[in-house]
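Undergrad: Test case, fold it:
(one chain, ligands or ions: 1)
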Amino acid sequence: MERVKRLLEVSGLGPKQGIVIHRPSNIFYLSGYTGEGLMVVSRSLAAIVTDFRYVEQAGQQAPGFSVHQISTGVSHAQVAASLILGAGISEVLYEDDFVTVKESRKLQDALGDTALLPLNNQPEKLREVKDAEEVALIEKACAISCEAFDYILTQVRPGITEKQVKRLLDFRMLELGADATAFDTIVASGPNGSLPHAIPGERQIEKGDMITLDFGAKYGGYCADMTRTIAVGKPGKQMQEIYDIVLHAQMTCQEALAPGKICREVDGIARQIIGDAGYGERFGHGLGHAVGIDIHENPRLSPVCEDRLLPGHVMTVEPGIYVPGLGGVRIENSCLVTETGARSLVSSPRELIIL
Ligand SMILES: [Mn+2]
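TA: Modelled structure (predicted):
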């Protein structure tokens, strides 16, 4: 309930105001509940509205919350509205960037004169700074991912397909205790490496290929995110050169992470290094993003993000260079910003591994 209290504080919620949460990651953050439904909180309310399938689960996962079951002909919106109206609330904040138009109309219909106003991502703002418990879960997710990476190095050889590599990597993460993969694993070999978000296919790995593996385990509801580009046999001269540039950019930017730094400026370091090396046009995405319950969270290490880094931010640092027809390199660590600097939660070596 501590997180709900903080949400009420940061939102400056008055006694006649309430908050309805629909986004599953926010519901999980605030209560621990992972099922379907919605949440209502106010100075006097902490409630989960769900259907028969999740009533028992909600009671177990979200102690301190009352659980309200919808019934035939009575929707989530109607149950939420009756709780809100019963508590004398006249203004409701909701996630206007998530709730569908149809659902918000249902809610407004059920609320009558009660105003619906945007919540302005207050829960997501709280989620930016991770507490020790959250960091421990991300660290565990990263440890599982690193161990799966060690394993996959023993499996990759000429003839194996991208899809087979993905399957082995995913299966190993699950064997090591992952709840799931944090996102769809990327395996991009040879020329496919120029696609930053390549979909693993039937291409067989060949001697001389570089292979980009972007993956992460999910553990206790939290995501890991790491990328390594490895080589099978000695790579060509240009790919080796690209690797060295990306490695230099990754190391320099990770070194630069520290509380007080402006996100845009850290991104700028990578853009400078890669630009000076002549590949500026081939690095078209941001340097990194925060990671937590969701794989992509704020703040972003992007050219436009003015946020300052804080202790407790977990940021990816993932520069890349992508050359169509040739291939690509990306190296990514998830890093915890500490009181004095930052440390990587990903321990796998970043230097080129040639199998
Ligand atoms: Mn990432």
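Undergrad: Pop the domain breakdown of this structure in here.
TA: Each domain of the chain is listed here as a residue range: 2-127, 129-344, per automatic domain parsing.
Undergrad: looking at these, which is closest to L352?
TA: Proximity to L352 (C-beta to C-beta) singles out domain 129-344 among these, at 5.3 Å. For glycine as for every other residue, the C-beta is placed from the backbone atoms N, C-alpha and C.
Undergrad: so how far is that closest one off the chain centroid?
TA: 12 Å (C-alpha atoms, centre = their mean, to the nearest Å).
Undergrad: gap between the two ends of it?
TA: End-to-end distance of domain 129-344 (C-alpha to C-alpha, to the nearest Å): 16 Å.
Undergrad: follow-up on the earlier one: quick one, which of the domains of the chain is packed in tightest?
TA: Of the domains of the chain, the one with the most neighbours on average (mean count of other C-beta atoms under 10 Å) is domain 129-344, at a mean of 20.
Undergrad: does the ion sit close to it?
TA: Yes - using C-beta under 5 Å from the ion, domain 129-344 reaches the ion at 225, 316.
Undergrad: Mean confidence (pLDDT) on that domain, please.
TA: Confidence over domain 129-344 (mean pLDDT, whole number) is 98.
Undergrad: Output the contacting helices and strands for the helix ranked longest in the chain.
TA: Longest helix of the chain, by residue count under DSSP state H: helix 132-153. Here helix 132-153 touches helix 162-175, strand 210-215, strand 217-219, strand 222-223, strand 226-231, strand 333-337, going by 3 or more C-beta pairs under 8 Å, 6 or more residues apart in numbering; DSSP states H and E.
Undergrad: Report the central residue of the chain.
TA: I295 (1.4 Å; C-alpha atoms, centre = their mean).
Undergrad: how about that one, secondary structure?
TA: Three-state assignment for I295 (DSSP: H, G, I helix; E, B strand; the rest coil): coil.
Undergrad: For it, what are phi and psi?
TA: Dihedral pair for I295: phi -70, psi -30, per degrees, to the nearest 10.
Undergrad: next one: the one 5 residues further on
TA: In this entry, R300 is assigned phi and psi values of phi -120, psi 140 (degrees, to the nearest 10).
Undergrad: Identify the residues contacting it.
TA: 263, 286, 288-290 (C-beta atoms under 8 Å, 6 or more residues apart in numbering).
Undergrad: Distance to I353 added to the domains of the chain, as a markdown table?
TA: A markdown table is the format used below for these (distance: least, C-beta to C-beta, whole Å):
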| stretch | distance to I353 |
| --- | --- |
| domain 2-127 | 34 |
| domain 129-344 | 5 |
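Undergrad: Identify whichever of the ones you listed lies nearest to E351.
TA: Taking the domains of the chain one by one with C-beta to C-beta, domain 129-344 is closest: 7.0 Å.
Undergrad: Tell me how far stretch 66-81 lies from the chain's centre.
TA: 30 Å.
Undergrad: three-state assignment of the residue of the stretch 51-200 of the chain found nearest the ion?
TA: Relative to the ion, the nearest point of the stretch 51-200 of the chain is F183 (8.4 Å; C-beta to the ion). Using three-state DSSP, the structure places F183 in coil.
Undergrad: Identify the residues contacting stretch 287-296?
TA: Under C-beta under 8 Å, 6+ apart, the answer for stretch 287-296 is 25, 28-29, 127-128, 130, 134, 138, 182-183, 216, 221-225, 253, 266-267, 270-271, 297-302, 313-319, 332, 334.
Undergrad: Only C-alpha atoms, please: export that stretch in PDB.
TA: The C-alpha trace of stretch 287-296 is given here as PDB (Å, rounded to 0.1, in the frame of the first residue of the first chain):
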ATOM      1  CA  LEU A 287      21.100   5.200 -27.100                       C
ATOM      2  CA  GLY A 288      18.900   3.500 -24.600                       C
ATOM      3  CA  HIS A 289      15.800   3.400 -22.400                       C
ATOM      4  CA  ALA A 290      14.800   2.700 -18.900                       C
ATOM      5  CA  VAL A 291      13.700  -0.900 -18.200                       C
ATOM      6  CA  GLY A 292      11.600  -2.300 -15.400                       C
ATOM      7  CA  ILE A 293       8.200  -3.900 -15.400                       C
ATOM      8  CA  ASP A 294       7.900  -2.900 -19.000                       C
ATOM      9  CA  ILE A 295      10.800  -3.400 -21.400                       C
ATOM     10  CA  HIS A 296      10.700   0.200 -22.500                       C
END
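Undergrad: before we move on, the earlier item: same list, the helices and strands packed on helix 132-153, but as a markdown table with distance to I19 please.
TA: Shown next, in a markdown table, are the helices and strands packed on helix 132-153 (distance: least, C-beta to C-beta, whole Å):
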| stretch | distance to I19 |
| --- | --- |
| helix 162-175 | 35 |
| strand 210-215 | 35 |
| strand 217-219 | 26 |
| strand 222-223 | 23 |
| strand 226-231 | 35 |
| strand 333-337 | 28 |
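Undergrad: closest to L45 out of these?
TA: Closest among the helices and strands packed on helix 132-153, once you apply C-beta to C-beta, is strand 222-223, at 27.5 Å.
Undergrad: Please name every helix or strand in contact with that closest one.
TA: Using 3+ C-beta pairs under 8 Å, 6+ apart: strand 222-223 touches helix 132-153.
Undergrad: Next, the angle strand 333-337 makes with the helix it packs on.
TA: Orientation of helix 132-153 against strand 333-337 (axes from the mean of the first three to the mean of the last three C-alpha atoms, to 10 degrees) gives an angle of 160 degrees.
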